[in-house]
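Asker: Provided below are the primary sequence and the corresponding predicted coordinates.
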Amino acid sequence: MTTPKGPDDEGTTARAPGARIRPADLLAAATAAVEAAQSAAGQALESAQLTAGHAFDAAVRLPPASAQLAAQLPGLIDNLTIAVDRLNSTIDRLDRTLALADPAFAAYDRLLPRLEAVIALGEDVFGALARLPGVSILGRVTGIGAKSGQAEPPPPAAPKRRR
């Protein structure tokens, strides 16, 4: 084989610096480069053929259900992408709605303790009124006791006559 330095003979020596390049040396270097390129291309082609053969063998051995699932995978990914986009837009919409409702929630937070205090005061007033003498009779006459959730006792049943 030849190299850029010349033929591989024992009698040849390396070129001296500053020596002129001969056309034969250039031709030998070009030939060596072409042979190396052809060898690399052949190896790459063999590797690609081997990989394609393994891929084909794997594809042939796949069960039909797996092949069908693999065929549906791009559509499923598209649907998942659409669902995630919708979820993101819904979350954004909910965030904007809650931001608008935040002042109302703050007002409710300030108002609820006052309402609870008013309700507790009303229950205390009804409790105090119930202890006054004569109010229970007034409640039964007016029917207020039945409306407020107190169960009114049923009227006594008429006695049955026996013979």
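Answerer: It's in.
Asker: quick one: secondary structure of the most centrally placed residue in the chain?
Answerer: Closest to where the C-alpha atoms of the chain average out (Cα atoms, centre = their mean) is V84, at 6.6 Å. Classification of V84 using DSSP: H, G, I helix; E, B strand; the rest coil returns helix.
Asker: so which residues of the protein form strands?
Answerer: All strands of the chain, identified by DSSP state E, fall at 2-3, 6-7.
Asker: what about the first one, average pLDDT?
Answerer: Spelled out, that is strand 2-3. Strand 2-3 shows an average pLDDT of 51 in the prediction.
Asker: equivalent analysis for the last one, please.
Answerer: Strand 6-7 shows a mean pLDDT of 50.
Asker: next one: stretch 113-131
Answerer: Average pLDDT, stretch 113-131: 91.
Asker: do the same with stretch 135-145
Answerer: 75.
Asker: just the CA atoms of that stretch, as CSV, please.
Answerer: Output of stretch 135-145 as CSV, limited to C-alpha atoms (Å, rounded to 0.1, in the frame of the first residue of the first chain):
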residue,chain,number,x,y,z
VAL,A,135,-95.4,33.6,77.1
SER,A,136,-95.8,29.9,76.4
ILE,A,137,-99.6,30.3,76.4
LEU,A,138,-99.3,33.3,74.1
GLY,A,139,-97.1,31.2,71.8
ARG,A,140,-99.7,28.5,71.7
VAL,A,141,-102.5,30.9,71.0
THR,A,142,-100.7,32.7,68.2
GLY,A,143,-99.0,29.7,66.8
ILE,A,144,-95.5,31.2,67.0
GLY,A,145,-94.2,28.3,68.9
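Asker: pLDDT weak spots in the chain?
Answerer: Along the chain, the parts satisfying pLDDT under 70 run over 1-19, 56-62, 67, 145-163.
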